[in-house]
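[1] Coordinates for the following, if possible.
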Amino acid sequence: MELGLKIMPVYQNKITKLWKYRVYANDIYGVRRQFEKGGFKTKKEALKAANDFINDDNSRITDITFEELWNNYKDYIVLKQKKQSYRKTVSKFNNHILPYFKNYKVINITASVYTKWQSEIEKKGFKHKYNSSLHGSVVTILNYAIKFHGLKENIASKIGNFKRKNDLVSNVNFWTLDEYQKFIYVVDDIVYKTFFETLYYTGLRQGECLALTWNDFKDDYLDIYKTISKEKEDGKYIINPPKTIKSTRTVSIDKELIKSLNKLKLYYQNFVGFNDNFYIFGGINPLAPTTIGRKRDKYCKIANVKK
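    Just a heads-up that it's a prediction; the model follows:
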């Protein structure tokens, strides 16, 4: 056993109920690092694995497959990321990263291996932004390997991002005021009419708009500090804080929109149990994004304006 080697306490992940250990040791390059491994069903298994690690030859510290690294990394990020972000991360790895790298030893992912993966991804025809997010995901997990598994360098960072393709610049799709007025004129449902008015005149993201309750409607502004995910959990839409600090803000609204919102509130006050915790757009539950899309397409067709 290495002199001065320290075992950190094993602990249980509150969500997965699996156990993990952490130890300090010198890696194969002589640099003292913190190492961790999770996925153990019992505390006893985690403690035994920690002791086995301590008594093992340090030359095997980085002898871990990418799939094993991913399983450890999932346990590491599940409490650090928002649920929606975690699901997106898992989806990226399962669909586009893990199938290619899973059987590689992490230390054997060379420049050649990584650039071949980039070539395979480029063949799929994704936009540069999505390719960049995949690259960023690999950079992040290899940084984790450097921190906890003794990896010497991050080959993804060294190779760099995907080259920007000469993507055709698509036409910006927006409504002129005239097109918007043709559209809003045919909307015959007060809830959807006010919803589309609010989107058009405030520039709010759809998720921000759907998350609004009457508590967030002040005299002449809307208080924006949350957003609704398109995904559900246990049958309910997920409420998250905005992506950035700057997204938490107040948005001024003009007299016409104030009038429309007050008219909508009067409409809701006829509902049994109405209170200011009702969603502005939907009532007890927010409007469903899929239904919004169908309504929008329907009214676009009636008004003869582009989507």
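[2] Now do the same contact list for the residue nearest to Asp223 when sequence neighbours are not counted.
    Sequence neighbours aside, Asp216 is the residue nearest to Asp223 in space, at 4.4 Å (criterion: CB to CB, 6 or more residues apart in numbering). To be clear about C-beta, it is placed using only N, CA and C from the backbone, and glycine gets the same treatment. By CB atoms under 8 Å, 6 or more residues apart in numbering, Asp216 lies in contact with Leu222, Asp223, Ile224, Tyr225, Ile280.
[3] Tell me the buried residues within these.
    The neighbour-count test (16 or more other CB atoms under 10 Å) applied to the contacts of Asp216 identifies Leu222, Ile224, Ile280 as buried.
[4] Now the last one. Nearest residue, chain neighbours left out?
    This means Ile280. In space, Ile280 is closest to Leu212, 4.5 Å off (CB to CB, 6+ apart).
[5] Pretty sure Lys218 is one of the things the one you found touches, is it not?
    No - taking contact to mean CB atoms under 8 Å, the distance of 11.2 Å between Leu212 and Lys218 leaves them out of contact.
[6] Which two among the contacts of Asp216 are spaced furthest apart?
    Using CB to CB, the pair of these lying farthest apart is Tyr225 and Ile280, separated by 14.3 Å.
[7] Quick check, central residue of the chain?
    If you average the C-alpha coordinates of the chain and look for the closest C-alpha using CA atoms, centre = their mean, you land on Ser85, 2.2 Å from that point.
[8] need the next SSE after whichever strand or helix holds that residue, C-terminal direction.
    Using DSSP states H and E, Ser85 sits within helix 83-92. Scanning forward in sequence from helix 83-92, with DSSP H and E defining helices and strands, the next element found is helix 98-101.
[9] Run through the neighbouring helices and strands of that next one.
    Using 3 or more CB pairs under 8 Å, 6 or more residues apart in numbering; DSSP states H and E as the contact test, the elements touching helix 98-101 are helix 66-77, helix 111-123.
[10] one step back: and the residue nearest to Ile280, how many neighbours?
    Residues contacting Leu212 under the criterion other CB atoms under 10 Å number 24.
[11] My guess is Asn215 contacts Asn277. True?
    Yes - with contact defined as CB under 8 Å, Asn215 reaches Asn277; the gap is 6.6 Å.
[12] What are the boundaries of the helices in the chain?
    43-55, 66-77, 83-92, 98-101, 111-123, 128-149, 155-159, 177-186, 190-202, 206-210, 255-268, 289-303 (DSSP state H).
[13] Quick check: which of the ones you listed is nearest to Asn240?
    helix 83-92 (6.4 Å).
[14] and the angle for the closest one with helix 128-149?
    With axes from the mean of the first three to the mean of the last three CA atoms, to 10 degrees as the basis, helix 83-92 and helix 128-149 are set at 90 degrees to each other.
[15] Quick one: mean pLDDT over helix 83-92.
    The average pLDDT for helix 83-92 rounds to 87.
[16] Now do it: which elements does it pack against?
    Under the contact criterion of 3+ CB pairs under 8 Å, 6+ apart, helix 83-92 touches helix 66-77, helix 128-149, strand 227-233, strand 236-240.
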